[in-house]
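> What follows is a predicted structure for the sequence shown.
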Protein chains: 2
Amino acid sequence: MAPIIHIRIEQTSKLESQIMPAIDTSTRDTLFPKARTYNSWQKKDVPDALLKEVYDLMKWGPTSANCSPMRIVFVKSPEAKERLKKYLDKGNIDKTMTAPVTAIIGFDLKFYEHLPKLFPHAPDMKRNFEGRPDVVEEAVWRNGSLQGGYFILAARGLGLDCGPMSGFDRMGASREFWPEGTVEANFLCNLGYGDSSTLYPRGARLTFVETCQVL
Amino acid sequence: MAPIIHIRIEQTSKLESQIMPAIDTSTRDTLFPKARTYNSWQKKDVPDALLKEVYDLMKWGPTSANCSPMRIVFVKSPEAKERLKKYLDKGNIDKTMTAPVTAIIGFDLKFYEHLPKLFPHAPDMKRNFEGRPDVVEEAVWRNGSLQGGYFILAARGLGLDCGPMSGFDRMGASREFWPEGTVEANFLCNLGYGDSSTLYPRGARLTFVETCQVL
């Protein structure tokens, strides 16, 4: 058998060997089809070390010029939860107050101050954003939300369930939790171990044909 | 040993047994730390069936009220690539013209027309968006970009490499590929099998302490 194995190795070019493996069915389920948005939670703590692990995984996701504008406040203590409560839409209060952690996913309007460190091979990149609030606005919404997507999937990948929400007083919560005024909240994401007994039926999704074209 | 095993089963409540497994190290690498933004591509086709598989995986990611505003044009034929070329920033032309596929990730400003199907248990949800361009604008940037994040990670999970970019004439490309005027391009994402010989060094990321607070 040795020569056959040898021939196969020769046929696998250096480039082809770099192709990453596709994830298995169980992992796909964990991240996408079987993951659900939870509204009630098991009484099980989420340690700070796990929150750090989620960040240290999702931070590698790509952003424009590596600009990485996402910022997070993990609201965990009863005191911090109480501060958040007054900004929540009525329908989001119970699930948020009982969640082990609520992440406020925000973005930093001064993200470009970090570009010399994050994108050192283009030292002038910062100037594309300074004094241009419209360009900053588009960049934070695009890239801060992309990072929000990475965050949700990293949390799921590390065994957490998520309950993302946009029903809250966004600017009120921004000023409460980022009083320096340069960071704005984007959405909230409850984190913990979900209680599936209260799940709603799975919502339908648009089909490929309704959503995509191949030209 | 039988009684001990029995006791353990009894202690595992119905709820705890629902905790999803964390993904393994190899999968984490595929999705995050070892995945890179590619600038050149192997000459290897990406079949349409794989593009559909990416969509049919990422579509399950959560959005506000399941609103799912993301739309995609997969630019694949030489003719379609040529139509895209004139809207690309100079630095993005070569890598895009040589990529097997370029996905134009956009969002539908009329996404709310689909809410009766996507969120049937709240038939009035559509009214929250009709005639309110500011509310629509915030929803499409947040949810369309979240879905962009799901798209990138689903593509990586299915073995593709990505090259996301925001350097292009966004509104020009929108009118070219969605002439009906209700869909806007958000960003571009080259897709294929990357040639790692042209990768830049890995960019640094902000630390947990620079980005996150636990309260």
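Everything's here; your move.

> So in chain A, which helix runs the longest?
helix A:133-157 (DSSP state H).

> Next, see if it gets close to chain B.
Yes: with C-beta under 8 Å from any C-beta of the partner chain as the criterion, chain B is reached by helix A:133-157 at A:139, A:141-150, A:152-154, A:156-157. (Glycine included, C-beta is placed from N, CA and C.)

> which of the residues in that helix are buried?
Judged by neighbour count using 16 or more other C-beta atoms under 10 Å in any protein chain shown, the buried positions of helix A:133-157 are A:136, A:138-157.

> Next one: residue A:27 from residue B:24, what distance?
Residue A:27 is 8 Å from residue B:24, where distance means C-beta to C-beta, to the nearest Å.

> repeat for residue A:93
Taken as C-beta to C-beta, the span from residue A:93 to residue B:24 is 37 Å.

> Quick check: pLDDT value at whichever residue of chain A sits closest to chain B.
Here chain A gets closest to chain B at one residue, residue A:149, 2.2 Å apart by C-beta to the nearest C-beta. At residue A:149, the model reports a pLDDT of 98.

> contacting residues for it?
A:61, B:61, B:145, B:146, B:147, B:148, B:149, B:150, B:152, B:153 (C-beta atoms under 8 Å, 6 or more residues apart in numbering or on different chains).

> which one of those sits closest to residue B:104?
residue B:148 (11.0 Å; C-beta to C-beta).

> After the helix or strand containing residue A:56, heading C-terminal, what element do we hit next?
If you go by DSSP states H and E, residue A:56 is part of helix A:48-58. Per DSSP H and E, the first helix or strand lying C-terminal to helix A:48-58 is strand A:70-75.

> That next one near chain B at all?
Yes: residues of strand A:70-75 are located near chain B by C-beta under 8 Å from any C-beta, namely A:70, A:71, A:72, A:73, A:74, A:75.

> Out of those residues, who's the most crowded?
Within the residues of strand A:70-75 next to chain B, residue A:70 tops the neighbour count with 29 neighbours, counted by other C-beta atoms under 10 Å in any protein chain shown.

> Please give me every residue in contact with the nearest residue to that one once chain neighbours are set aside.
Distance criterion C-beta to C-beta, 6 or more residues apart in numbering or on different chains; nearest residue to residue A:70, sequence neighbours excluded, is residue A:147 at 3.7 Å. Going by C-beta under 8 Å, 6+ apart, residue A:147 touches A:58, A:61, A:63, A:68, A:69, A:70, A:105, B:149.

> Next, find the distance separating the residue positioned nearest the centre of chain A from residue B:70.
The centre of chain A sits closest to residue A:151, judged by C-alpha atoms, centre = their mean, with a distance of 2.2 Å. From residue A:151 across to residue B:70, the span is 17 Å (C-beta to C-beta).

> now the helices for chain A?
Going by DSSP H, chain A shows helices at A:2-11, A:25-31, A:48-58, A:78-85, A:93-98, A:115-118, A:133-157, A:170-177, A:208-211.

> Name the nearest residue to residue A:50, ignoring sequence neighbours.
residue A:158 (6.5 Å).

> wait, doesn't that neighbour sit right on residue A:51?
No: using C-beta atoms under 8 Å, residue A:158 is not in contact with residue A:51, being 9.6 Å away.

> Would you point out the helix or strand in chain A whose mean pLDDT is lowest?
The helix or strand of chain A with the poorest confidence is helix A:2-11; it has a mean of 36 (mean pLDDT, DSSP states H and E).

> biggest strand in chain A, by residue count?
strand A:183-192 (DSSP state E).

> Wondering if it reaches chain B at all.
Yes: against chain B, strand A:183-192 shows contacts by C-beta under 8 Å from any C-beta at A:186, A:187.

> That strand pairs with which strands, parallel or anti?
strand A:101-108 (antiparallel), strand A:161-165 (antiparallel) (DSSP bridges).

> That strand to strand A:70-75, inter-axis angle?
50 degrees (axes from the mean of the first three to the mean of the last three C-alpha atoms, to 10 degrees).

> ok and strand A:183-192 relative to helix A:48-58, angle-wise?
Interaxial angle, strand A:183-192 versus helix A:48-58 (the same axes, to 10 degrees): 120 degrees.

> And strand A:183-192, how far out from the chain middle?
9 Å (C-alpha atoms, centre = their mean, to the nearest Å).

> Below-threshold pLDDT in chain A: ranges please.
Applying pLDDT under 70 to chain A flags the ranges A:1-21.

> Thought residue A:157 was touching residue A:35, still the case?
No: Residue A:35 is beyond contact range of residue A:157, at 9.6 Å (criterion: C-beta under 8 Å).

> ok, now how distant is the residue nearest to residue A:70 from residue B:211?
10 Å.

> which neighbours do these two share?
What both residue A:147 and residue B:211 touch, as defined by C-beta under 8 Å, 6+ apart, is the set A:68, A:70.

> what sits against the closest residue to residue A:192 other than its chain neighbours?
Leaving out its chain neighbours, the residue that sits closest to residue A:192 by C-beta to C-beta, 6+ apart is residue A:100, at 3.9 Å. Applying C-beta under 8 Å, 6+ apart, we find residue A:100 in contact with A:41, A:44, A:45, A:46, A:76, A:191, A:192, A:193.

> How about the residue lying closest to residue A:103 once chain neighbours are set aside: which residues does it bridge to?
By the measure of C-beta to C-beta, 6+ apart, the closest residue to residue A:103 outside its immediate chain neighbours is residue A:189, 4.5 Å from it. Beta-bridge partners for residue A:189, by DSSP bridges, are residue A:103, residue A:164.

> neighbours of residue A:189, just the number please.
When neighbours are counted by other C-beta under 10 Å, residue A:189 comes out with 24.
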